[in-house]
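> okay, here's the prediction I keep looking at, along with the sequence it came from:
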Amino acid sequence: MTDLLSIQRLTKAYPGVVANDDVSFDIAPGEIHALLGENGAGKSTLVKMIYGLVKPDSGKMELFGKPYAPARPSAARTAGVAMVFQHFSLFEALNVAENVGLGMETPPPMRELAREIREVSHAYGLPLDPRRLVGDLSAGERQRVEIIRCLLQDPKLLIMDEPTSVLTPQEVEILFATLNKLKAEGTSILYISHKLEEIRALCDRATILRRGKVVGACNPRESSAAELAEMMVGEALHTPDRAPGERGEVVLQVAGLTSQHVEAFGTRLQNIGFEVHAGEVLGIGGVAGNGQDELLSALSGETLGPRETVRLRGKPVGNLGPNARRALGMLAAPEERLGHAAAPDMSLTENAVLSGWQREDLTRNGFVLWGKSRGFAETIIQSFDVRTPGPGVAARALSGGNLQKFVIGREILQRPDVLVVNQPTWGVDAAAAAAIRQALLDLAAGGAAVIVISQDLEELMKVADRFAALNAGHLSAPRPTQGLTMEQIGLMLGGAHDMDVAHTDEAHHIKESYEEGRQ
Amino acid sequence: MIRLEKRPTPSRFWTWSTPVLAVLLTMIAGGLMFAALGKNPFIAIKTIFYDPILGEFAFYYRGQLLVKAGPLILIAVGLAMGFRAGIWNIGAEGQYIIGAICGAAVGLAFYPAESWIIFPLMIVAGALGGLLWAMIPAILKVRFKTNEILVSLLLVYVAEQLLAAMALGPLRNPEASGFPGSRNLQQYPSAANTEIIPGTGMHWGVAAALIAVVFAYVLLSRHLTGFHIRLAGQSPRAARFGGVNPTALVVFCMGVSGALAGMAGMFEVSGPAGQISIDFNSGYGFTAIIVAFLGRLHPIGILMAGLLMALTYIGGEAAQATMQIPAAAIQAFQGMLLFFLLGLDVLSNYRFRLPREGVA
């Protein structure tokens, strides 16, 4: 049987880095093929070459045994290759059908398109109302729009880039059922992820990339997660150590926190309340867009509220700005590294001054002590193993993981009493993620109260002492992580999304019928 | 096709060498244009760039150079501060007019008393006038979120009407038998902005411009306020995270640029212009915007850009006078200079890539 897609010796170099080095592998018809690798391993570059976004320096590809060299994505789509990106390209102010129509070369009349969307989406267990505004959809539903957009082209190969990073466990299950159905119909799927359990559950074969090279291929169902991880990282992974910490006094109290002003498509925080003790890590889970950014800026002081809503060691700070809160020991690290936690075009030294000038004493009479600031930046670089030529480099020149280590390190080295981090390991490779988690645990062990907001549930289970879910601006009551099952967490996260609960059954149904069909 | 590729960090080499390259390209392109007009390109270029500084009549031109460059630099330095922070004060011309009116009014109020205190008071009045005029768009922006570009620009026309009213009304010279325009402050020693070193054009406004350059340089590169200005301009969200107060920043930047523009107006009215007249303002406030960007919003760059701009004006006038080159050609020449300077800017942030052959 000829392979659907055969990739032969693809190489692509960027200035300073070889993103793909002599990469070869095949995708058979009707298989779910995993492309596994850390961030920066070259997965994205590889699929961009397959999808015609990037031209390889050398090597070739064959689709159905014929030479395949898409010059642009539309050529790839014509050849039967479709892709769902990690970051959605949707217009929030348009409805579902309009968004789907915009992505097509020759869209049919709107009414027909809407009917098609309804049919296809139901057929694959991803129900969508074509008339709904994308701005009102959850991240999971937005992903459905992207998937439906691809399915309408009847692709032979569907590329999915980290599709589950924004989904609740229930939504993941629905997605997997859909992918299995597609597979049963003969569509191949190239599934990109660094989540090992998912790949073991879903994929038939896996190709593992490390630093741009293929380092192995295996049947993920027959390999253990540890084996896969070792191939991916090239070394045994360090799991965070947790000293059985003692809970100290209550450091941070939040009560009745409600957003007063919400931006378009933002989420209003609704009467949020919780307490964090010294030496404790509170994990706040939730699917993106449920109020994470709003919660972080309410805690960092970027948005102000009534005095009493936030108390630090009993002192009301709700009406104080970021600098006043920093002075009292309450620090934060936002999710968006470039443009929020750090200024892209400024050097690391300048970015160290950005949030560190007060507590690190980097000014005298209002003048910045650049020598001392440089020293602080160098300390961060050294203590957190930030790989960069030096503190004079612009923040945007750093890879995501390295910049994240810098940003987290900058806050931790300021010895906070309370540290709030949002998505501390988003888009960070496994080794860096482990280092960051360890640093957060060490900080808590040293007596600080740490709040980790994250969509990565495995991460929260690893670091958090207590867990609370953020859903549509509501925060559930925190529960101890120990003994919490994934199922319970999933319900805490997705509780208010009626569709999720309803269609899990449907997903099961699809899955079962498909399995029956196979037997 | 050649592709542009963004550099990870801006190239230092190109940041400093593009201005030189731009001047050279302007000389070549401008020379071709002058040749096409039937003028000797080499003499034309020499007349524009060389004669005003080192030529036979340079003693006259050199003074003009500083007189023209002084207000441009003084205004541009203030504007650059706001532009760096993403605050767009387009109405420096209006602040310049109001500064001139206030400064002149204070001086004229003392006429004919003589005292050393009068001139410093006029400087303060000029700065305050410009500052208050700039506070109108600033406060409207922070209170009602109006657009400072529009408000500050429209206030220029209001200021022009005020200027005409002043020249015809309260500030009119009572001894001028009905002619519009104020007394000539140059003939009133206590209020005259004289040359510090006679014959050089170096009047007090030029000194103020140089001081402003130094202060702005220190503020932007060493002071936390300057850091916050740069931060707010590059990355507003990071600035909010860094605890920058946007309201204070708007007020500060508008205030500084307004005060400097007002001072420039006051130095002009008490010096080179001499009097408040209906058409006192000559567009320095707008040209300064170009100077600010030409100098890459950097104080030292603005110093250079202001001098270069003044040079092309003076050299251009000289070329018109001595070689009968049409004024339109001179303007085109100045346009070329701006075009090359700003166009070549792309080199410091991007590099050119030749395409590689596609691989099948």
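Thanks, I have it.

> make it CA atoms for all contacts and neighbour counts henceforth
Noted.

> past the helix or strand hosting residue A:172, which element shows up next along the chain?
Residue A:172 belongs to helix A:169-184 when elements are defined using DSSP states H and E. Sequence-wise, the next helix or strand downstream of helix A:169-184 (DSSP H and E) is strand A:188-193.

> skipping its backbone neighbours, what lies nearest residue B:66 in space?
residue B:201 (5.6 Å; CA to CA, 6 or more residues apart in numbering or on different chains).

> relative to chain A, how far out is the one you found?
Distance, residue B:201 to chain A, using CA to the nearest CA, to the nearest Å: 35 Å.

> now do the same for that residue: its pLDDT.
Looking at residue B:201, its pLDDT is 83.

> give the contact list for it.
Taking CA atoms under 8 Å, 6 or more residues apart in numbering or on different chains, we find residue B:201 in contact with B:62-67, B:195.

> go again with 10 Å.
Contacts for residue B:201 were tallied using CA atoms under 10 Å, 6 or more residues apart in numbering or on different chains; they are B:59-68, B:70, B:194-195, B:272.

> in CSV: these, plus neighbour count, distance to residue A:228 and pLDDT.
Converted to CSV, the contacts of residue B:201 look like this (neighbours: other CA atoms under 10 Å in any protein chain shown; distance: CA to CA, whole Å; pLDDT from 0 to 100):
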residue, neighbour count, distance to residue A:228, pLDDT
B:59, 16, 80, 79
B:60, 14, 81, 80
B:61, 22, 77, 83
B:62, 21, 76, 82
B:63, 19, 77, 84
B:64, 22, 76, 88
B:65, 26, 72, 90
B:66, 23, 72, 91
B:67, 22, 74, 92
B:68, 22, 72, 93
B:70, 29, 69, 95
B:194, 19, 81, 87
B:195, 19, 80, 87
B:272, 19, 79, 91
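
> and residue 30, helix, strand or coil?
With no chain named, the answer covers chain A. coil (DSSP: H, G, I helix; E, B strand; the rest coil).

> same thing with the one 4 residues further on?
On the three-state scheme (three-state DSSP), residue A:34 is labelled strand.

> do the one 4 residues further on as well
Following three-state DSSP, the label given to residue A:38 is coil.

> do residue A:462 as well
helix.

> surely it is in contact with residue A:481?
Yes. Using CA atoms under 10 Å, residue A:462 is in contact with residue A:481, at 9.0 Å.

> any shared contact partners between the two?
residue A:283.

> now the strands for the stretch 401-519 of chain A?
A:418-422, A:449-454, A:466-471, A:474-475, A:479-480 (DSSP state E, counting those that start in this stretch).

> in its sheet, what does the second one sit against?
If I follow you right, that is strand A:449-454. strand A:281-285 (parallel), strand A:418-422 (parallel) (DSSP bridges).

> angle of that strand against strand A:466-471?
40 degrees (axes from the mean of the first three to the mean of the last three CA atoms, to 10 degrees).

> what's the offset of strand A:449-454 from the middle of its chain?
16 Å (CA atoms, centre = their mean, to the nearest Å).

> give the contact list for the residue of chain A most remote from its centre.
The outermost residue of chain A, judged against the average C-alpha position, is residue A:365 (41.7 Å), by CA atoms, centre = their mean. Residue A:365 makes contact with B:223-224 under the criterion CA under 10 Å, 6+ apart.

> could I get the pLDDT score of it?
Residue A:365 is given a pLDDT of 92.

> next up, phi/psi of it, please.
phi 50, psi 40 (degrees, to the nearest 10).

> could I get the average pLDDT for stretch B:332-343?
88.

> and chain B, is stretch A:320-334 touching that?
Yes. Contact of stretch A:320-334 with chain B (CA under 10 Å from any CA of the partner chain) involves A:321-326, A:332-334.

> inside strands: which ones of those?
A:332-333 (DSSP state E).

> which pair of the residues of stretch A:320-334 next to chain B spans the longest distance?
A:324 and A:334 (17.4 Å; CA to CA).

> what about the two, which has more around it?
residue A:334 (25 against 16; other CA atoms under 10 Å in any protein chain shown).
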